[in-house]
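# attaching a predicted model along with its sequence, questions to come.
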Amino acid sequence: MALEFEIFTRPMSVNRYYATTRTGQFHTTNEGKAYKEGIRAGLAELGEAFTKFSGFIKLDIQLKYGRKRRLDVDNCLKPLLDSLEGYLYDNDSQIYQLSISKSFGHQVESLVLKAEAL
């Protein structure tokens, strides 16, 4: 099974997705919660064309940005993988192959995901 889809949201950095309380506990920020809901709403739009993967998967991610800026692709990875958990797959430990790329100059910022069963 293979699935390719695009979600029209700006890729979020882990630095904005999580925060630390005064006592040192990590939590998801309100902005992070909204991002997660946006990712999940994008998956829901696929309707019947979408089925959650139950086995090992290969995941290719393209981060599309408007203007060029200094960004680390790994900072966007954890929020995205956490948002997909429970919807695209049960747990991100199912990902056995992972590739990520970024590009600039797009009119609309988005994420393009290609998932394939291994």
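Nice, I can see it.

# for residue 15, what are phi and psi?
For residue 15, the backbone dihedrals are phi -70, psi -20 (criterion: degrees, to the nearest 10).

# scratch that, residue 101 is what I was asking about
Taking degrees, to the nearest 10, you get phi -140, psi 160 for the backbone angles of residue 101.

# let's number from 807 now, not from 1
Got it, the first residue is 807 from now on, which makes the last one we talked about residue 907.

# in space, what's closest to it - neighbours in sequence excluded?
residue 868 (5.4 Å; C-beta to C-beta, 6 or more residues apart in numbering). Where C-beta positions appear, they are placed from N, C-alpha and C, glycine not excepted.

# so what's the one you found up against?
With contacts taken as C-beta atoms under 8 Å, 6 or more residues apart in numbering, residue 868 has the following neighbours: 906-909, 917-919.

# can you tell me the helix or strand for the residue positioned nearest the centre of the chain?
Averaging the C-alpha coordinates of the chain gives a centre point, and the residue nearest to it by C-alpha atoms, centre = their mean is residue 886 (2.5 Å). According to DSSP states H and E, residue 886 maps onto helix 879-890.

# about what we covered before: how near is the residue nearest to residue 907 to residue 853?
Between residue 868 and residue 853 the computed distance is 22 Å (C-beta to C-beta, to the nearest Å).

# next one: residue 826
Counting by C-beta to C-beta, the gap from residue 826 to residue 853 is 38 Å.

# check contacts around the closest residue to residue 875 other than its chain neighbours.
If you skip the residues right next to it in sequence, residue 875 has residue 910 as its closest partner in space, 7.8 Å away by C-beta to C-beta, 6+ apart. By C-beta under 8 Å, 6+ apart, residue 910 lies in contact with 871-875.

# just the buried subset of those, please.
A residue is treated as buried here by neighbour count (16 or more other C-beta atoms under 10 Å); on that basis the buried members of these are residue 871.
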